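> how does the following fold in three dimensions:
(2 chains)
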Amino acid sequence: KQEVTQIPAALSVPEGENLVLNCSFTDSAIYNLQWFRQDPGKGLTSLLLIQSSQREQTSGRLNASLDKSSGRSTLYIAASQPGDSATYLCAGHNSGNTPLVFGKGTRLSVIA
Amino acid sequence: SAVISQKPSRDICQRGTSLTIQCQVDSQVTMMFWYRQQPGQSLTLIATANQGSEATYESGFVIDKFPISRPNLTFSTLTVSNMSPEDSSIYLCSVPKRGATDTQYFGPGTRLTVL
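Coordinates of the predicted model:
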């Protein structure tokens, strides 16, 4: 059964800094890996989806990578802004019919 | 993208009572997932609800506590029974999206506070 781990649990950085959030998973037969953002008291916002055949996806200042052999994914945020402050969740599943398994998240604070 | 609505959006309940949460999807789906997000925590899967069969519960969740109904392909309910303060959480329903980019859509969640 897929298990997802995220480190660090919390991260505080000054505005403008580039940063990396880490996600690891136990089953290399992962089908899709997805990064979400969650603001306090709000729902989930999908950021990037990486299919198993892909190595990375980019959207604006965000870049997510997937390395199935090592069981790792990273979310790179360039030139961080205070508006990036949120909890970032990594989730994966082993097929389109199985539910996403979530990591515990990384709580990011970007200080102006 | 699928549109998912949940009712109620939030509720405050007394210990020992039960609350039924409704999830409505604007298209027919075979599977629906129910998640719980406890304060400050990530999402944990409660159960998978397939239309026409019993829900499949994850370890740590039982039908007596979280009965689920799935009367048709666009609707499901989750009941939180005999509530205690530990049940205070956000409950979310979710459905899979099939296609070139299989993923899941999430409802807005039901924020439950148990006093």
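
> contacts and neighbour counts: CA atoms only from here.
OK.

> centroid residue for chain B?
residue B:34 (3.3 Å; CA atoms, centre = their mean).

> who's that one bridged to?
When assigned by DSSP bridges, residue B:34 has beta-bridge partners residue B:47, residue B:93.

> run through who's touching the lowest-mean-pLDDT helix or strand in chain A.
One helix or strand of chain A scores below all others by mean pLDDT, DSSP states H and E: strand A:44-51, with a mean of 92. Residues outside strand A:44-51 that contact it (CA atoms under 8 Å, 6 or more residues apart in numbering or on different chains): A:31-38, A:56-59, A:64-66, B:101, B:103, B:106, B:108.

> hmm, 6 Å instead?
A:32, A:33, A:34, A:35, A:36, A:37, A:38 (CA atoms under 6 Å, 6 or more residues apart in numbering or on different chains).

> partner strands of that strand and their direction?
Assessed with DSSP bridges, strand A:44-51 is paired to strand A:32-38 (antiparallel).

> show me what residue 11 is bridged to.
No chain was given, so I picked chain A. Counting by DSSP bridges, the residues bridging with residue A:11 are residue A:108.

> correction: the question concerned chain B.
residue B:112.

> isn't residue B:37 right up against residue B:92?
No - contact criterion CA atoms under 6 Å: residue B:37 and residue B:92 do not qualify, at 7.9 Å.

> quick one: which of the two has more around it?
A count of neighbours by other CA atoms under 10 Å in any protein chain shown puts residue B:92 above the other of residue B:37 and residue B:92, at 27 against 19.

> ok, that one - contacts?
So residue B:92 contacts B:34, B:35, B:107, B:109 (CA under 6 Å, 6+ apart).

> what helices or strands is the lowest-mean-pLDDT helix or strand in chain B leaning on?
Within chain B, no helix or strand scores below strand B:103-106, which has a mean of 87 by mean pLDDT, DSSP H and E. If you count contacts as 3 or more CA pairs under 6 Å, 6 or more residues apart in numbering or on different chains; DSSP states H and E, strand B:103-106 packs onto strand B:89-97.

> number of residues surrounding residue B:32?
25.

> ok and the residue in chain A nearest chain B?
Per CA to the nearest CA, residue A:104 is where chain A lies closest to chain B, at 4.7 Å.

> name the nearest residue to that residue, ignoring sequence neighbours.
residue B:42 (4.7 Å; CA to CA, 6 or more residues apart in numbering or on different chains).

> pretty sure the one you found contacts residue A:107?
No - in this structure, residue B:42 is not within contact of residue A:107 by CA under 6 Å, at 10.9 Å.

> find the closest residue to chain A in chain B.
Closest point on chain B to chain A, by CA to the nearest CA, is residue B:42, at 4.7 Å.

> torsion angles phi and psi at that residue?
In terms of degrees, to the nearest 10, the main-chain angles of residue B:42 are phi -90, psi -170.
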